[in-house]
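Chemist: Build me a model from this:
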Amino acid sequence: VQLVESGGGLVQPGGSLRLSCAASGFSFSAYAMSWYRQGPGKERELVAGVNRAGDNRNYADSVKGRFTISRDNVKNTVYLQMNIVKPEDTAVYYCYARRVYGSEAYWGQGTQVTVFS
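Modeler: Down below sits the predicted model:
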(Lines give C-alpha, C1' and ligand atoms only; values in the text may rest on other atoms or scores of the structure.)
Protein backbone atom coordinates (compact mmCIF):
# COMPACT_ATOMS: atom_id res chain seq x y z
CA VAL A 1 0.00 0.00 0.00
CA GLN A 2 1.29 3.42 -0.94
CA LEU A 3 0.04 6.98 -0.79
CA VAL A 4 2.54 9.29 -2.42
CA GLU A 5 1.96 13.02 -2.14
CA SER A 6 3.53 15.53 -4.48
CA GLY A 7 3.17 19.14 -5.50
CA GLY A 8 4.29 20.84 -2.32
CA GLY A 9 6.78 23.68 -2.28
CA LEU A 10 7.22 27.38 -1.76
CA VAL A 11 4.47 29.80 -2.75
CA GLN A 12 3.79 33.46 -2.09
CA PRO A 13 0.65 34.66 -0.33
CA GLY A 14 -2.23 34.86 -2.76
CA GLY A 15 -0.71 32.22 -4.98
CA SER A 16 -1.85 28.74 -5.90
CA LEU A 17 -0.58 25.23 -5.52
CA ARG A 18 -1.97 21.84 -6.49
CA LEU A 19 -1.21 18.81 -4.38
CA SER A 20 -1.59 15.26 -5.68
CA CYS A 21 -1.75 11.96 -3.85
CA ALA A 22 -1.24 8.83 -5.93
CA ALA A 23 -2.61 5.65 -4.38
CA SER A 24 -1.61 2.08 -5.07
CA GLY A 25 -1.94 -1.33 -3.49
CA PHE A 26 -5.57 -1.08 -2.43
CA SER A 27 -9.02 -0.61 -3.95
CA PHE A 28 -9.00 3.17 -4.22
CA SER A 29 -12.68 3.59 -5.07
CA ALA A 30 -13.68 1.82 -1.84
CA TYR A 31 -12.03 4.50 0.28
CA ALA A 32 -13.01 7.98 1.35
CA MET A 33 -10.04 10.30 0.88
CA SER A 34 -8.95 13.28 2.91
CA TRP A 35 -6.20 15.84 3.23
CA TYR A 36 -4.85 16.73 6.65
CA ARG A 37 -2.16 19.19 7.60
CA GLN A 38 0.15 19.83 10.52
CA GLY A 39 1.63 23.27 10.94
CA PRO A 40 4.67 24.13 13.07
CA GLY A 41 3.85 23.51 16.71
CA LYS A 42 0.28 22.54 15.88
CA GLU A 43 -1.75 19.37 15.93
CA ARG A 44 -2.72 17.60 12.75
CA GLU A 45 -6.05 18.87 11.44
CA LEU A 46 -8.51 17.89 8.75
CA VAL A 47 -8.39 20.17 5.72
CA ALA A 48 -10.80 18.53 3.28
CA GLY A 49 -12.49 15.22 2.58
CA VAL A 50 -14.24 13.61 -0.38
CA ASN A 51 -16.47 10.57 -0.59
CA ARG A 52 -15.88 7.55 -2.77
CA ALA A 53 -17.78 8.87 -5.77
CA GLY A 54 -16.23 12.31 -5.54
CA ASP A 55 -19.56 14.12 -5.37
CA ASN A 56 -19.64 14.96 -1.68
CA ARG A 57 -16.94 17.13 -0.13
CA ASN A 58 -16.31 18.78 3.21
CA TYR A 59 -13.84 21.47 4.22
CA ALA A 60 -12.37 23.07 7.29
CA ASP A 61 -13.78 26.54 7.80
CA SER A 62 -10.31 28.01 7.40
CA VAL A 63 -10.02 26.83 3.78
CA LYS A 64 -13.60 27.04 2.51
CA GLY A 65 -13.82 28.99 -0.71
CA ARG A 66 -10.07 28.72 -1.29
CA PHE A 67 -9.27 25.00 -1.46
CA THR A 68 -10.91 22.32 -3.57
CA ILE A 69 -10.56 18.58 -3.11
CA SER A 70 -11.21 16.22 -6.01
CA ARG A 71 -10.45 12.66 -6.98
CA ASP A 72 -9.95 10.59 -10.11
CA ASN A 73 -10.95 6.97 -9.56
CA VAL A 74 -9.37 5.95 -12.87
CA LYS A 75 -5.98 7.43 -12.01
CA ASN A 76 -6.32 6.47 -8.33
CA THR A 77 -5.37 9.98 -7.34
CA VAL A 78 -6.78 12.63 -5.04
CA TYR A 79 -5.99 16.31 -5.47
CA LEU A 80 -6.05 19.44 -3.38
CA GLN A 81 -6.21 22.68 -5.33
CA MET A 82 -5.03 25.46 -3.05
CA ASN A 83 -5.86 29.01 -4.11
CA ILE A 84 -5.34 32.36 -2.40
CA VAL A 85 -2.92 30.75 0.02
CA LYS A 86 -2.05 32.44 3.28
CA PRO A 87 0.99 32.19 5.57
CA GLU A 88 -1.14 30.19 8.02
CA ASP A 89 -1.52 27.50 5.35
CA THR A 90 2.14 26.63 5.89
CA ALA A 91 2.22 23.00 6.98
CA VAL A 92 3.03 19.45 6.05
CA TYR A 93 0.06 18.15 4.10
CA TYR A 94 -0.89 14.49 4.43
CA CYS A 95 -3.11 12.29 2.33
CA TYR A 96 -5.38 9.89 4.24
CA ALA A 97 -7.42 6.95 2.97
CA ARG A 98 -10.18 5.37 5.02
CA ARG A 99 -12.13 2.33 3.90
CA VAL A 100 -15.81 3.15 4.12
CA TYR A 101 -16.96 -0.39 4.95
CA GLY A 102 -14.11 -1.68 7.05
CA SER A 103 -11.34 -0.56 9.35
CA GLU A 104 -8.40 -0.14 7.01
CA ALA A 105 -6.82 3.30 6.89
CA TYR A 106 -3.58 4.61 5.46
CA TRP A 107 -1.47 7.77 5.64
CA GLY A 108 0.90 9.24 3.12
CA GLN A 109 4.33 10.51 4.05
CA GLY A 110 3.42 14.17 3.69
CA THR A 111 4.47 17.05 1.49
CA GLN A 112 5.66 20.42 2.77
CA VAL A 113 3.86 23.60 1.77
CA THR A 114 5.47 26.88 2.76
CA VAL A 115 3.75 30.20 2.15
CA PHE A 116 6.17 33.10 2.41
CA SER A 117 6.30 36.72 1.45
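Chemist: List the neighbouring strands of the helix or strand hosting residue 95 plus their orientation.
Modeler: Secondary structure from DSSP states H and E places residue 95 in strand 91-99. According to DSSP bridges, strand 91-99 forms sheet pairs with strand 31-38 (antiparallel), strand 105-107 (antiparallel), strand 111-115 (antiparallel).
Chemist: centre of the chain versus the second one, how much separation?
Modeler: The chain centroid and the centroid of strand 105-107 are separated by 13 Å, computed with Cα atoms, centre = their mean, to the nearest Å.
Chemist: Tell me which residues of it come out buried.
Modeler: By 16 or more other Cβ atoms under 10 Å, the buried positions in strand 105-107 come out as residue 106. Where C-beta positions appear, they are placed from N, C-alpha and C, glycine not excepted.
Chemist: Over that strand, what's the mean pLDDT, rounded is fine.
Modeler: Averaging pLDDT along strand 105-107 gives 98.
Chemist: Contacts for that strand next, please.
Modeler: Applying Cβ atoms under 8 Å, 6 or more residues apart in numbering, the external contacts of strand 105-107 come out as 1, 3, 26, 94-99.
Chemist: those strands in the chain, which residues are they?
Modeler: 2-6, 9-11, 17-24, 31-38, 45-50, 57-59, 67-72, 77-82, 91-99, 105-107, 111-115 (DSSP state E).
Chemist: separation between the residue lying closest to residue 54 once chain neighbours are set aside and residue 92?
Modeler: Using Cβ to Cβ, 6 or more residues apart in numbering and skipping the chain neighbours, the partner closest in space to residue 54 is residue 71 (4.7 Å). To residue 92, residue 71 is 21 Å away according to Cβ to Cβ, to the nearest Å.
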